[in-house]
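Novice: Got a predicted structure here, sequence first:
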Amino acid sequence: MAGDMTTIARPYAEAVFERAKDVGEVDAWSQALELLALVTTDPDLTAQIGNPSLPRERVRDLILEVCGAQLPAEVANLVRLLSHNARLTALPEIARLFEVRRIADQGVRHVQVRSAFEVSAEEQATLATALARRLGGRVELTVETDSALIGGIEVRAGDLVFDDSIRGKIKQLANALQF
C-alpha cells in the first residue's frame with residue numbers, strides 16, 4: 001500500500017518541486033508541505049479525509065482553515081487540486097518526496113549504513129568520505145547496528161545497494177548453489 005501511495009504522490013511532488021524551484025520558493029514550499037503533512041496526519045482529520053460521506057470540499061476547507069495564512073496561495077491551490085482529485089491522503093507522501101528531491105537537488109545523498117557491529121565516529125567519517133567520492137556529492141549517513149548481518153556492512157543509497165555482509169554473501173552462495 002505504501003508503494004501505491006508513493007506512485008500516486010510522486011508526480012505531484014515532482015511538479016511541485018519544479019514549480020517551487022522555478023519561482024525560487026523551495027524553502028517556503030518545504031515549510032508549507034511540512035505543515036500540511038502534519039495537519040493531514042492528525043488522527044481526527046485523517047478520519048475525516050477518509051470519510052466517504054463527508055464532501056471533499058468540506059474537508060478541503062477545513063484543512064485550509066486550520067493552516068490559515070501560513071499557506072501561500074499556490075500551496076492552497078495544490079490542496080484544492082488534491083481535494084478535487086480525491087488525493088488528500090497523499091499529502092504526507094508528497095511532502096516526504098518533495099524533501100527527498102530538495103535534498104538531492106542540493107547535492108546531498110542520504111545513505112543508510114547497517115553494520116553487524118558498532119561503527120566509530122572515525123570510521124563513519126572515513127566511510128562518508130569514500131561514499132562521497134563514489135557517489136559524487138555530499139553524503140549524510142544514518143548508521144544502525146544489525147547483528148543479523150553476522151559481520152560486515154550493508155550500504156543503501158537510494159536504489160543502489162552495496163551488500164558486503166556475511167549474511168549477504170551466504171545468500172549469494174546459496175543462490176549460486178541453487179539452495
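Specialist: Sure thing, it's come through. The shown structure was predicted, so the numbers you read here are calculated from the model rather than taken from an experiment. Residues are numbered from 1 along each chain as shown.
Novice: Need the pLDDT of the residue nearest to Arg80 when sequence neighbours are not counted.
Specialist: Computed as CB to CB, 6 or more residues apart in numbering, the closest residue to Arg80 that is not its neighbour in sequence is Arg60, at 6.2 Å. Just so you know, the C-beta spots here come from the backbone N, C-alpha and C atoms, and that holds for glycine as well. In this model, Arg60 is scored at 93, pLDDT.
Novice: check contacts around Arg60.
Specialist: Val79, Arg80, Ser83, Leu88 (CB atoms under 8 Å, 6 or more residues apart in numbering).
Novice: List only buried entries from those.
Specialist: Val79, Arg80, Ser83, Leu88 (16 or more other CB atoms under 10 Å).
Novice: any idea how far Leu36 is from Leu141?
Specialist: 29 Å (CB to CB, to the nearest Å).
Novice: and those two? which has more neighbours close in?
Specialist: For the pair Leu36 and Leu141, the greater number of neighbours falls to Leu36 (26 against 17), based on other CB atoms under 10 Å.
Novice: Show me which pair in the contacts of Arg60 is furthest apart.
Specialist: Arg80 and Leu88 (10.2 Å; CB to CB).
Novice: Flag the shaky bits of the chain, pLDDT-wise.
Specialist: 1-3 (pLDDT under 70).
Novice: one more time with 80, if that's ok
Specialist: 1-3, 136, 158-159, 179 (pLDDT under 80).
Novice: What residue, apart from its backbone neighbours, is nearest the residue nearest the centre of the chain spatially?
Specialist: A centroid search over the chain (CA atoms, centre = their mean) returns Arg96, at 3.9 Å, as the residue closest to the centre. Closest residue to Arg96 apart from its sequence neighbours, by CB to CB, 6+ apart: Ala37 at 7.3 Å.
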